[in-house]
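Q: predicted model and sequence below, questions to follow.
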Number of protein chains: 4
Amino acid sequence: ARGRKPWKLGLQILKIIIITAQLVSFGLSNQMVVAFKEDNLNAFKHLFLRGYTYKLEDNFAVYTKSDFFESISYAVYQYLHLPNVSVGNHAYEWNGEEYPGLIICQELYKNSSIYPGNETFDIDTKVETDCLNIKPDVPTENEMLRNDKFNYSVDFQRLLSVNIYFTLKAVNLQAIRNNELPDCYDFNISIRFINNAYSGRIQVMLDQDVGINECKELKVSGSIQRNTPYLVLFDTFIILACLGSLILCVRSVINGLQLQYEYITFSLTRYNKTVPFSDRMEFVNGWYILIIISDILTIIGSILKIEIQTKNLTNYDVCSILLGTSTMLVWIGVIRYLGFFQKYNLLILTLRAAFPNVIRFCCCAAMIYFGYCFCGWIVLGPYHVKFRTLNTVTECLFSLVNGDDMFPTFKEMQQKSHLVWLFSRVYLYSFISLFIYMVLSLFIALITDTYETIKQYQREGFPQTELHL
Amino acid sequence: ARGRKPWKLGLQILKIIIITAQLVSFGLSNQMVVAFKEDNLNAFKHLFLRGYTYKLEDNFAVYTKSDFFESISYAVYQYLHLPNVSVGNHAYEWNGEEYPGLIICQELYKNSSIYPGNETFDIDTKVETDCLNIKPDVPTENEMLRNDKFNYSVDFQRLLSVNIYFTLKAVNLQAIRNNELPDCYDFNISIRFINNAYSGRIQVMLDQDVGINECKELKVSGSIQRNTPYLVLFDTFIILACLGSLILCVRSVINGLQLQYEYITFSLTRYNKTVPFSDRMEFVNGWYILIIISDILTIIGSILKIEIQTKNLTNYDVCSILLGTSTMLVWIGVIRYLGFFQKYNLLILTLRAAFPNVIRFCCCAAMIYFGYCFCGWIVLGPYHVKFRTLNTVTECLFSLVNGDDMFPTFKEMQQKSHLVWLFSRVYLYSFISLFIYMVLSLFIALITDTYETIKQYQREGFPQTELHL
Amino acid sequence: ARGRKPWKLGLQILKIIIITAQLVSFGLSNQMVVAFKEDNLNAFKHLFLRGYTYKLEDNFAVYTKSDFFESISYAVYQYLHLPNVSVGNHAYEWNGEEYPGLIICQELYKNSSIYPGNETFDIDTKVETDCLNIKPDVPTENEMLRNDKFNYSVDFQRLLSVNIYFTLKAVNLQAIRNNELPDCYDFNISIRFINNAYSGRIQVMLDQDVGINECKELKVSGSIQRNTPYLVLFDTFIILACLGSLILCVRSVINGLQLQYEYITFSLTRYNKTVPFSDRMEFVNGWYILIIISDILTIIGSILKIEIQTKNLTNYDVCSILLGTSTMLVWIGVIRYLGFFQKYNLLILTLRAAFPNVIRFCCCAAMIYFGYCFCGWIVLGPYHVKFRTLNTVTECLFSLVNGDDMFPTFKEMQQKSHLVWLFSRVYLYSFISLFIYMVLSLFIALITDTYETIKQYQREGFPQTELHL
Amino acid sequence: ARGRKPWKLGLQILKIIIITAQLVSFGLSNQMVVAFKEDNLNAFKHLFLRGYTYKLEDNFAVYTKSDFFESISYAVYQYLHLPNVSVGNHAYEWNGEEYPGLIICQELYKNSSIYPGNETFDIDTKVETDCLNIKPDVPTENEMLRNDKFNYSVDFQRLLSVNIYFTLKAVNLQAIRNNELPDCYDFNISIRFINNAYSGRIQVMLDQDVGINECKELKVSGSIQRNTPYLVLFDTFIILACLGSLILCVRSVINGLQLQYEYITFSLTRYNKTVPFSDRMEFVNGWYILIIISDILTIIGSILKIEIQTKNLTNYDVCSILLGTSTMLVWIGVIRYLGFFQKYNLLILTLRAAFPNVIRFCCCAAMIYFGYCFCGWIVLGPYHVKFRTLNTVTECLFSLVNGDDMFPTFKEMQQKSHLVWLFSRVYLYSFISLFIYMVLSLFIALITDTYETIKQYQREGFPQTELHL
C-alpha cells in the first residue's frame, strides 16, 4: 500500500477534519436541546408530582388510597393553575378553536370480582378504557376542581392504570444566547399510575415526548439569523467529498479483485493449484473496506442530518449512530498512515497478529462466562438486585472482572437462606479468581509472546508465503 | 479422545440447548414471582411501618417510648383499616369459620429488676411469651383500636421483643398478562421490635414468608390455560436425555477403568512395577466425570422442578442450585470440543498446565492473606465497619486486591486512637502493595512462563511419559 | 555526569529541604484559610437559602412562583436580621459613612412578548438591569421587610436572572490558636436566581468572593506576633539559593553546548559529516534543564508568595502552581542521584528506554480513543449524564480503562430507545475489552521487553554510537 | 534448614492453633462489646441531639442562634426526662450520696470586643470556663427546665465552645444470651458545640467514653457462670508455649552467631579476608527472628489480655495490636514449612529474590510520587476535598493507582478557576498514565524476569558464593 499519490492522502486528511467539524457542530447544537428538554422534564416532575424530590426518582410510588387520589387531584389542580404556578413560559396547547386540555383515562379489566380471602376470583381479561376531559378555560364546570375538590372514583379491584395526558408549549429562548433562532417545543406529557401487579404499590411515572417546530410568527430585534442554510451547504460539501473518496476506494478494491482473479487463474492453469483463502485475502486491502464503510455511513448520515435540520425528520438516534460510527472509523483509519513508520508499525502488527488468538481465547472464556451467567441468574436472582435479569448478570460479572466494586456486591446479598449465601460466596470468589488471575494473565501472556515474535520477524524477516515468492 | 461416534456429540449439543431452554423458562417464570413478592414487601413496609421511607431500610429503629408505642398502634390501626387503605387486592385470612386476625406477642424475661444506677441486678433468664389476639371483624371490641387509641403496656426492663404476626392473602393478577393462570399467595407477615441488647435502640423489622397455592375457584374469560403439563413433559424429556448421556458416559468411564486395571496388572507381571498415580489418572477422562456430575445434577434438579411446578414442594433454592450448577458444567463442557482444534488447544493446555502452580502459589498467598485477615479483624474491628466480622474482613481485603475503592476504606476509619490510626495506614499500605505489586505480578509471570513452555512443547513435541512409549 | 564537585550535590539537597519546608508552611497556612472560607460559605448557604440542606447542593432550584418569591424574601429577611440570627461574628459592611447594604438586581430582556400557545413571539435581545438597594439601618422604610412582607414584582416572561449582592465582614479568630495574628475578611456574597433557559426551573446559587486584609486596629493580649517578616526572610533565602543553583547549571549547559559546537565543527571538517540530532542531544544534560526550569519556577513563585504574604497580591492560584510544579521537579530530580547506583540505574534506564515506544503506542491508541470519544458523545450524550460533554466523555472512558465502576455506567443508561440501548452495550463492551485486554497488555509487553534488553546491555555492554568511539 | 527434630515443628503447629483460637475467642467477645457500645452511641445521638438523623452524621451543625439554644435546651430536657423517654435501661449515675447530674460548661475568651464592620478588635487570648450543674432529682429548681423553658445566655463574640457532660449507667444484658455474665457500663457522654472558627457554623458532636466494670451485686437464675478463670488459664498456657518456642529459637540463633564468629575468625586468619555482610547474614536464619518477634509479641499481648479480662486494664488497642501482629507473623511463618517442597519453594524464592529490586524501584517511584503529592496538595487543596491535607492526598493518589474510581475524582473538582481546572486535568492524566502504564508494568517485568532467573537456577544450580565452596 506504499507510494500512493499524495492527493489521495490529502483527501483523507480533509475528510477527518470536516467530518469531525460536522460532528462537533451537530453535537453542540444537540447538547443545548437536550439540556432544555431535561430542565423542562425536571420542572414538570416538580410541578405535577405530589411530594416529588430529586432523590426519589426511581422509587416514586403511592401505597394508600388517599395518597393515590391526592396525587391525581394535585396533578389536575396544578395543571389548571399552571399560569400562576410555573416560573417558565409554558402555555396550554391551542388547536386554533379551543384548548384540548387534559385527558385522564383509566384502564380496567372489563369485569372482575376477586376474593383473595377465600381464594376465588372471576375475571374477564378484556380491558376497558374510560376517559375524562378537563379543559382549562371552562370556569364554572371546573370551579370545584380549582378548589382542590376533584372527585374521582376508581374500582381498585379492576384498575390496571390511570393515565393523565396533556400538552404544553414552550419556546427555547436559550438559543438566542447562542445566536440561533429559537424553536417552538411541544411537550406531550403523560403521568402514569401503573397498577399492573395489583401488589399494593402503584408506580407513578412522568414522561414527556417532545416535538420541535419552527415557530410560526417571530420577531427578534438583534443580530440573530437562521444559520440552517450554511449548515446544509456544509453537509452537502461533506457528502461530495465522501462520494469522491468512495469512488477512489471502490476503484482500488476492484483493481485488487481483478488482480486476485488473474492470480487464481494463473495459479490454476500453471501449477494446477487452488489458491488458499488467506492468500486470496491479501489482494483485498482492509483499510479500503474501512474507508468505504465509513464513507457510506457518512453520506447516509449527512442526508438524514439535513432532513433533521430542515425539520422534516426527528429521528435523531439513527442519524447520530451513523455519523458517530463513521467518525470513529475515520479516526481509526489514521492508524493506517501511522503504520508507514517502522516503529509504529511494530505495535500495530503486534495487535493485528495477536487478534486471532485473543478472539480464540475469548471463545473459550465466553463458555465459562456464560456458564457462570446462567448459574448466577437462576440461583442468586431472587436474592440480589444485580442478578435479577440475564442482562444485568452479564454486565455485573463483566464489570467485576474489570475492577468494579466487589464489596458492595458481596454485601447486598440478602442473607435469608444460608445455603444460597454460602453458594454466593463460592460463586463470587471462584469466578473472580478464575477470571482475574487466570484469564487476564493469559491475555498478557498472549500479547507479550506475539510482540516478541513480531519483533524477531522484523529483525530476521517475515516468514514467506508462496504468494511473495 | 478423538474419533467418537458423532451421535454422542449430537446428544451433548442437544443437551446444551434443552438444558439452557429449561433454565431460561424456569428463570423467567421465577423472575415474575420474585418481582411480585418484592413489590408486596415494599407495599407492606410502607403500609405498616410508621415513618418508613426507602432510604432508611437498614437503620429502621425506634429510640423513645412514645415512638415505640406509636409504631405498634400504627401497625395495628393500619391492619384494621386495611380495606380502606391499601390500593392492592390484599384480604384478611379466612380459615373457613372466622378471621384468625392479628397476634401481638411480647417476649420478656420472667422476672428482672435491674438498677444500673447502683450496679445491681437480679435476673431470671427464663423467657415468657405474652400474646394478644386482635380480630378485624369484632366491631365493638375494636372500637378504641379503630380510633387509634390502642393501649399497650410493656415492661421495658424485662422486654426482649414485641412481635406482630398476621396473614394477608392476594392474587397475582400480573400472570394474566403473561398468559398464565394466576396463583393465590399467602403473605405471613411478621413485624418485630427487637430489644435484645437493651441499648436504647429497638430495631424494627418487617419480614414476610410467602406461600403459593393454586386458587380454589377461578373463572377466567379469555384464552388463558394452564401450561404446567407441557412444562412437566419437557422436564421429563430432559431427564430422559440426561439419563441416556449418563449411561453412555458411565460405560466409557468403566471401560477406562478396566483398561487401567489391565495395564496395572500387565505392568506388575511384566516389569514388576507399580504404576504411578499420575499415569493411572490418564485412563480416566475428566470430561466424562464432568458430564456425569452435570447429568446427575440435572436429573435431580428436574425432578425437584416438576414437584415445584405441581405445588408439591416450595424449596426453590436447592432446585435452582442444582439446575444452575448443571447448566454451568454443561457450558464449560463445550470447551472440550473446542480443544479439538489445534490453536484453541494451546490456550486450554496452558490454563490446565498453569493450574497446579497457581493453586500452589495461592496456598502461600493464603497464609499471608489469613494472617492479615486475623490481624485486621482484631485490631481494626472496633474502628471500621468493614472489619467488624471475620467474614467481611475476608471480603473487604479480597475486594481491595481486585480493585475496590480504597479511598473510602481509608476514610471510614474512625480516628479515635492515634495508635490504631497509624497501624491502619501501615496495615493497608503494606497489604495492598504486597498483594497488588508482588502477588498479582507473580500470577502473570506464572502464566506467561507456562504459555511459552506449552508453545515450545507443541512445536517440539510433549515430553513422553512411560505410558506413551 | 560522574565526579561532580560534592558541594553542587549539597546545594541540591539543601534546595530539596528548604523548598519542601517552604511548600509545607505555605500549604498549612493556606489550609486554615481555606477551611475558614468553606465554613463561612456553608454557614451563608444555611442562613440565606430557604430550605437548603447539605444533600441538595447540586440541584438547588425553585420551580413555582411562590417558592421563588419566598426564597427572595427569605434571603432579604435573614440579611436584615443577621445580628439576631447568625452565631458567627459577621457584620455589615461599613464604608465610613453609611452601610452600603444589600443590592437586588433583575436582568430582563428589554421587551418581550411570548405566546408559546400560538407559537408566536416578539423579543428584543437587549438586556436591561433593574436594581434596588436595601439598607440595614433604615428602620421605618424596612419595617415591612422585617415583618417578612417584602413585595417584589417580576415579569417572568422577560426575566433572565435575579441577583442579590451584599458584603459581610468577619475576623478569622481561629488564627489565634495557631499563634498567628487574625486577618479581616470581606465576604462578597452573591445569590443568583438563574432563568436563562426559561424552562420552568430557576437555579439558585450562592457564591462568595473573599478579600483578605490586615485588620486596621487590633489589640491582642498574649504572646502572639506577626511572623510575616521571618517568612519573607526565608523566601528571600530560597530565592538566593535557587539563583546560585541556576547560575551553576546554566554554566554547565553552556559548556555542553560549546563542546557540542566544537564536535560538530570537528566532525564536519575532519569526516565531512553532519552530526545526527540524537548525538547532538547527548551534549545537553536533561537533568540540568530540569533543575533550571525548577529554579526559575521557584524564584518567580517565591516572589509571588512574598507579595501574597504582604497582602499586595491575592492571586494564590498562579503562585501555588509555580511552587507546586517546582517542588515536584526538585523531587523528581532526586532520581538522578539514585541513578548513580548500578541497580537503581537499571530501572531508570528501562523507563527511559521504554518511554519513546510508550509514547508511540499512545499515539496509535489515542486515535482509537478519540474515535470512541466522538462516537460516544454524539450517540449516547442525550441518554447518559457521563456522555453529556466531550470533556466528561474523555474522563469517563479514561476512568473505565483504569478500573472505574462499570456497572453504574451501564445502569444509568436511559432505556428510551432500544436501538441506542443496543448500541451502548456494543460500544461499552467493545471499548473496555479492546483497551483493557489489548492495549494494557501491550504496555506490559513493551516494558517487559525493554527491561530484558537493557539488562542484556548491562551485562554485555551498550551498543556503541559513533560518538563514543 | 532441613532435618530439624519434628517436635519443634509440632510446637509451631500447636502455636498456630492455640494463638488463632485465642485471637478468635478474644475477637468474638470484643465484637459483642463493640456492638453494644455502638448501639448505645446511636441511641444517645437520637435521644440528645435535636433533629439528628443517621444521614447527617458528618455534617451535624447549627447555624442560627435559635437553633443553638433549642439544641441545648433539648439535650437538657431529654436528660431530665430520660426515664420516661429512653427504651433502654439507662440510669443516672449515683455516687452513693447524690446524683452528680449534668454539667454544662462554656469556654470563652476572657474579654473580647470584635467589630468586624470597622476591622478593629481587642481580644484577650486567655480562656475562661463557666459551668452550671443540673441535677435530675431537684424538682422545684428544675421545674422550668422540665417545661422546656431552659434559659441559657451566651456571649457569641467570646464563645469558644459549650460542652455538656453527664454519665449514664447501663447493664449489657445481651451477654446473657452468650452465656456470659453481664458487665456494668459507665457511659461518660459529652455533647460539644464547637465554635473555634467563629465562622457562623457551630459543629455539634456527641462522644462517649465507656468504662466497663464488674457489677457490684448480681443475681442470675440460670446456668450462667463467669468463664474468666478458664480464659486466664488458656492464656497462661499460651504464654508457656511461646516461652518454650522462644527459648528454642534463641538458642538456634545464638548457635548461628557463634558459627558466624568462628567463620569470620577462620577466614581472617587463614585467608586474611573479611567476610562480606551478605555472607555473614547467611548464618542468621530470618525465620527464627520472625518466630522470636512473634513469641515476644504474643507473651506481652497475652499478659495484657489477662489484665483486661480481670478488669485491671482497659487499653484494648495496644493488646489487640500485639496479638494481631503476632498472629499474622505466626501465619506467615507457615510459608517456611511450605518452602520445604520443591515446587512451592520456586515461588517463595522468586518473591524473595525480587524483593530487593522491588524495594529499589519503589524508592525511585516514591520520589515521583511524593513530588506529585506535594504539588497536588498545594495547588488542588483549596478546590478538592480529597486534596485538602497531605495525608488524604497520599491516600487518594495511592488509591487511584490501584483502581479507585477516577471519574468522581475528576468531577468533584471545583470549577472556579480555569487555570486550576486545566492544571488538575494535566496533573491527573499524567499521574495516572505514568503510574498505571509505566510503573505497574515495570513491576510485572521485574517479577517475570526474576521468576525465569530462579527457574533457570533450579534447573542448572544456583550461583555459588564463596561460603558454599
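A: Yep, it's here.
Q: and the helices in the stretch 51-200 of chain A?
A: A:65-80, A:82-85, A:143-146, A:174-177 (DSSP state H, counting those that start in this stretch).
Q: for the ones you listed, give me a markdown table that also has mean pLDDT and distance to chain C.
A: The way it works is simple: take the backbone N, C-alpha and C, and place the C-beta from them, glycine included. Converted to a markdown table, the helices of the stretch 51-200 of chain A look like this (pLDDT from 0 to 100; distance: least, C-beta to the nearest C-beta, whole Å):
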| stretch | mean pLDDT | distance to chain C |
| --- | --- | --- |
| helix A:65-80 | 89 | 9 |
| helix A:82-85 | 87 | 5 |
| helix A:143-146 | 55 | 16 |
| helix A:174-177 | 76 | 5 |
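Q: contacts only, for A:Q260.
A: A:280, A:283-284 (C-beta atoms under 8 Å, 6 or more residues apart in numbering or on different chains).
Q: hmm, A:R280 is touching A:I264, no?
A: Yes: applying C-beta atoms under 8 Å, one finds A:R280 in contact with A:I264, separated by 7.3 Å.
Q: which residues sit in contact with the residue in chain A positioned nearest to chain D?
A: Proximity to chain D, evaluated over chain A using C-beta to the nearest C-beta, is greatest for A:G403 at 4.8 Å. The contact partners of A:G403, taken as C-beta under 8 Å, 6+ apart, are B:402-403, C:403-404, C:406, D:403.
Q: do the same with A:I103
A: Remark: with contacts taken as C-beta under 8 Å, 6+ apart, A:I103 is in contact with A:131-134, A:164-166.
Q: again with A:F398
A: Remark: with contacts taken as C-beta under 8 Å, 6+ apart, A:F398 is in contact with C:406, C:429, C:432.
Q: which one among the residues you listed gets closest to chain A?
A: Out of the contacts of A:F398, the one with the shortest distance to chain A is C:M406. That distance is 3.7 Å, counting by C-beta to the nearest C-beta.
Q: residue contacts, that closest one?
A: With contacts defined as C-beta under 8 Å, 6+ apart, the neighbours of C:M406 are A:395, A:398-399, A:402-404, C:400, C:428, C:432.
Q: strands along chain A, start to end?
A: With DSSP state E as the definition, chain A shows strands at residue ranges A:61-62, A:91-92, A:102-115, A:120-134, A:159-171, A:184-194, A:202-213, A:217-221.
Q: can I assume A:D122 is in contact with A:S112?
A: Yes: under the criterion of C-beta under 8 Å, A:D122 is in contact with A:S112, at a separation of 7.1 Å.
Q: the more surrounded of these two?
A: A:S112 (20 against 14; other C-beta atoms under 10 Å in any protein chain shown).
Q: ok, that one - contacts?
A: Each residue near A:S112 by C-beta under 8 Å, 6+ apart is listed here: A:121-124, A:157-158.
Q: quick one: pLDDT of it?
A: The score at A:S112 is 75. That number is its pLDDT.
Q: and if you look at A:A43?
A: As summarised for this prediction, A:A43 has a pLDDT of 91.
Q: from chain B, how far off is the closest residue to it other than its chain neighbours?
A: In space, A:A43 comes closest to C:G200 once its chain neighbours are excluded; the distance is 3.2 Å by C-beta to C-beta, 6 or more residues apart in numbering or on different chains. In this view, C:G200 and chain B are 27 Å apart by C-beta to the nearest C-beta, to the nearest Å.
Q: my guess is C:G200 meets A:F48, correct?
A: No: the criterion here is C-beta under 8 Å, and C:G200 misses it with A:F48 at 10.9 Å.
Q: who has more neighbours, those two?
A: For the pair C:G200 and A:F48, the greater number of neighbours falls to C:G200 (28 against 23), based on other C-beta under 10 Å.
Q: residues contacting the more buried one?
A: Neighbouring residues of C:G200 by C-beta under 8 Å, 6+ apart: A:39-40, A:43-44, A:47, A:86-88, A:90, A:170, C:63.
Q: taking those, tell me the two that lie furthest apart.
A: Between all members of the contacts of C:G200, the longest pairwise span (C-beta to C-beta) is found for A:A170 and C:Y63 and amounts to 14.2 Å.
Q: ok, and of the contacts of A:S112, which contact chain B?
A: Checked against chain B using C-beta under 8 Å from any C-beta of the partner chain, these give the following subset in range: A:121-124, A:157.
Q: just send those residues back as JSON lines, with distance to chain C and pLDDT too.
A: Below are the ones next to chain B among the contacts of A:S112 laid out as JSON lines (distance: C-beta to the nearest C-beta, whole Å; pLDDT from 0 to 100):
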{"residue": "A:F121", "distance to chain C": "33", "pLDDT": "79"}
{"residue": "A:D122", "distance to chain C": "37", "pLDDT": "81"}
{"residue": "A:I123", "distance to chain C": "31", "pLDDT": "80"}
{"residue": "A:D124", "distance to chain C": "32", "pLDDT": "81"}
{"residue": "A:Q157", "distance to chain C": "31", "pLDDT": "81"}
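Q: show me which pair in those residues is furthest apart.
A: Checking the ones next to chain B among the contacts of A:S112 with C-beta to C-beta, the most distant pair is A:D124 and A:Q157, at 12.1 Å.
Q: from chain B, how far off is A:A197?
A: Looking at A:A197 against chain B, where the rule is C-beta to the nearest C-beta, the gap reads 5 Å.
Q: burial measure for that residue, as a count.
A: Number of residues near A:A197 (other C-beta under 10 Å) recorded here: 23.
Q: would you list the phi and psi of it?
A: A:A197 adopts backbone torsions of phi -90, psi -10, taken as degrees, to the nearest 10.
Q: my understanding was that A:Y369 contacts A:C396; is that so?
A: No: at 11.8 Å, A:Y369 does not count as touching A:C396 under the criterion of C-beta under 8 Å.
Q: of those two, which one has the most company?
A: Between A:Y369 and A:C396, counted using other C-beta under 10 Å, A:C396 has the larger neighbour count: 23 against 20.
Q: which non-adjacent residue is nearest the more buried one?
A: Nearest in space to A:C396, with sequence neighbours left out and distances taken as C-beta to C-beta, 6+ apart, is A:K386 at 4.3 Å.
Q: and that neighbour, what's its pLDDT?
A: Looking at A:K386, its pLDDT stands at 88.
Q: same question for A:K55.
A: pLDDT recorded at A:K55 is 67.
Q: with the one 4 residues further on instead?
A: Among the per-residue scores, A:N59 shows a pLDDT of 74.
Q: and it, how many neighbours?
A: Applying other C-beta under 10 Å, we find 12 other residues in the vicinity of A:N59.
Q: cool, A:F266 as well?
A: Applying other C-beta under 10 Å, I find that A:F266 has 11 neighbouring residues.
Q: before we move on, back to that, buried ones only from the contacts of A:S112, please, as a ChimeraX command.
A: Those of the contacts of A:S112 that count as buried under 16 or more other C-beta atoms under 10 Å in any protein chain shown are selected in ChimeraX with:
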select /A:121,123,124,157,158
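Q: quick check: residues of the stretch 51-200 of chain A near chain B?
A: Proximity of the stretch 51-200 of chain A to chain B, by C-beta under 8 Å from any C-beta, involves residues A:55-56, A:59, A:61-66, A:68, A:114-126, A:156-157, A:195-200.
Q: chain B versus A:I164, what's the distance?
A: Applying C-beta to the nearest C-beta to A:I164 and chain B gives a distance of 17 Å.
Q: mind listing what the residue nearest the centre of chain A touches?
A: In chain A, the C-alpha closest to the average C-alpha coordinate belongs to A:D317, at a distance of 7.7 Å (C-alpha atoms, centre = their mean). Under the criterion of C-beta under 8 Å, 6+ apart, the neighbours of A:D317 are C:379, C:417, C:419-420.
Q: what residues are up against the residue lying closest to A:F36 once chain neighbours are set aside?
A: For A:F36, the nearest residue in space outside its immediate sequence neighbours is A:N172; the separation is 5.0 Å by C-beta to C-beta, 6+ apart. When contacts are counted by C-beta under 8 Å, 6+ apart, A:N172 is found next to A:32-33, A:36, A:182-185, C:197-198.
Q: also A:C184?
A: The contact partners of A:C184, by C-beta under 8 Å, 6+ apart, come to A:169-172, A:212-216, C:116, C:119.
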